[in-house]
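# Next come a sequence and a model predicted from it.
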Amino acid sequence: MIFVLGGTSDSLIISDWLTEKGLDFSLSVATDYGETLANQHAKKVFCGRLSKTEMLAKWQIENVTAVIDATHPFATIVSETAMEACLEAAIPYVRFERTSEQAENTFLVANIEEACTTAKKLGERIFLTTGSKNLPEFVERLTGKHLIARMLPVSDVIRSAENLGLVADQLIGMKGPFTKDANKTQLEMTQADVLITKESGKQGGFQEKLAAAAELNIPVVVIRRKILNYPIEINHVTELPEILTQWEVY
């Protein structure tokens, strides 16, 4: 069986392809929301976070013969754990990595600390499209600035933002990815001075954010993804047949 590490739109596309080809697979996600989406694209879905030991035990029980890592570009801990587990269990691993895109009008930084330091110098109203996971750190580091946070329209997520002190006019609960025009409208409506985002690639709507900000002459602070040394990396689902054929699972 193929084990797909998911939680992204990429993993859903891969799941649809595996289903179309009649291949046996399980899709793993980390959140309840991810599980809801996953159930629409896979018959076997696992929801939860796994340590290396738990991965190895689960893979042995389910007779996993290959792992496709299609987690978020910033979920590097999961990728590192999966690579270690695959190496230990002698299970082939392939990383589905979104291609990076860059443009002018951007300030490239390595982490949240650098992003906040840079954004402080660029404006007072800061539009965050970095999700809810790291929101507490942004709130702590950007004291005195007016934050606008865009996040999934899930009650627990919104409530956690409110618990950090954010109020209604600072929260946008919507599911992406967003078009350039949608991003532009939101930036205009919130009167944003600067946009902070992650280098999430095409599927994450990265280019559309940059294009919208460029039209409004709004600077963009981009948190770059951590570069991992993947044993095998592909960037499109059309590359899967060759890889899986080599592994004799297709």
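Cool, got the structure.

# so what's residue 191 scoring on pLDDT?
According to the prediction, residue 191 has pLDDT 97.

# in which helix or strand would I find it?
Using DSSP states H and E, residue 191 maps to neither a helix nor a strand.

# what about it, how many neighbours?
12 (other CB atoms under 10 Å). Placement of C-beta: from N, CA and C, glycine included.

# Need the contact partners of the lowest-mean-pLDDT helix or strand in the chain.
Of all the helices and strands that make up the chain, strand 106-109 has the lowest average by mean pLDDT, DSSP states H and E, namely a mean of 88. In this structure, residues lying in contact with strand 106-109 by CB atoms under 8 Å, 6 or more residues apart in numbering are 102, 115, 118, 122, 210, 219, 220, 221, 222, 223, 224.

# Would you mind listing the buried residues in that strand?
By 16 or more other CB atoms under 10 Å, the buried positions in strand 106-109 come out as 106, 107, 109.

# same deal with stretch 205-216?
Applying 16+ other CB under 10 Å to stretch 205-216 flags 205, 206, 207, 208, 209, 210, 211, 212, 213, 214 as buried.

# Touching, residue 5 and residue 69? I think so.
Yes - using CB atoms under 8 Å, residue 5 is in contact with residue 69, at 4.7 Å.

# ok, which stretches of the chain are helices?
Assigned by DSSP state H, the chain shows helices spanning 9-20, 32-38, 52-61, 76-89, 112-120, 135-141, 155-163, 180-189, 206-215, 240-246.

# Tell me which of those sits most buried.
helix 206-215 (a mean of 21; mean count of other CB atoms under 10 Å).

# What distance do you get for the spatially most central residue of the chain to residue 136?
By CA atoms, centre = their mean, the chain has its centre lying nearest to residue 72, at 3.3 Å. To residue 136, residue 72 is 18 Å away according to CB to CB, to the nearest Å.

# Which residue is the nearest non-sequential neighbour of the residue nearest to the centre of the chain?
Spatial nearest neighbour of residue 72, chain neighbours left out: residue 8 (5.4 Å); criterion: CB to CB, 6 or more residues apart in numbering.

# Count the residues that sit near that neighbour.
By other CB under 10 Å, the residues close to residue 8 number 23.

# what does the model give it for pLDDT?
pLDDT at residue 8 comes out at 87.

# do the one 3 residues further on as well
Per-residue pLDDT puts residue 11 at 95.

# Let me see the contact set for it.
4, 5, 27, 29, 38, 70, 71, 96 are the contacts of residue 11 under CB under 8 Å, 6+ apart.

# Would you mind measuring from it to residue 62?
17 Å.

# Show me where the protein dips below the pLDDT cut-off.
Applying pLDDT under 70 to the chain flags residues 99-104, 201-203.

# What sits closest to residue 172 if chain neighbours are left out?
Residue 172 sits nearest to residue 150 (CB to CB, 6+ apart), 4.3 Å away.

# Thought residue 132 was touching that neighbour, still the case?
No - counting by CB under 8 Å, residue 132 is not a contact partner of residue 150; they are 9.5 Å apart.

# more neighbours, those two?
residue 150 (22 against 18).

# picking up where we left off before, which one of the buried residues of stretch 205-216 is nearest to residue 235?
Nearest to residue 235 among the buried residues of stretch 205-216: residue 206, at 14.2 Å, using CB to CB.

# What are the neighbouring residues in contact with that closest one?
101, 197, 198, 199, 200.

# hang on, isn't residue 47 packed against residue 35?
Yes - counting by CB under 8 Å, residue 47 sits close enough to residue 35 to count as a contact (4.1 Å).

# any shared contact partners between those two?
Joint contacts of residue 47 and residue 35 (CB under 8 Å, 6+ apart) are residue 29.

# Need the overlap of contacts for residue 5 and residue 69.
Applying CB under 8 Å, 6+ apart, one finds that residue 5 and residue 69 are jointly contacted by 78, 79, 82.
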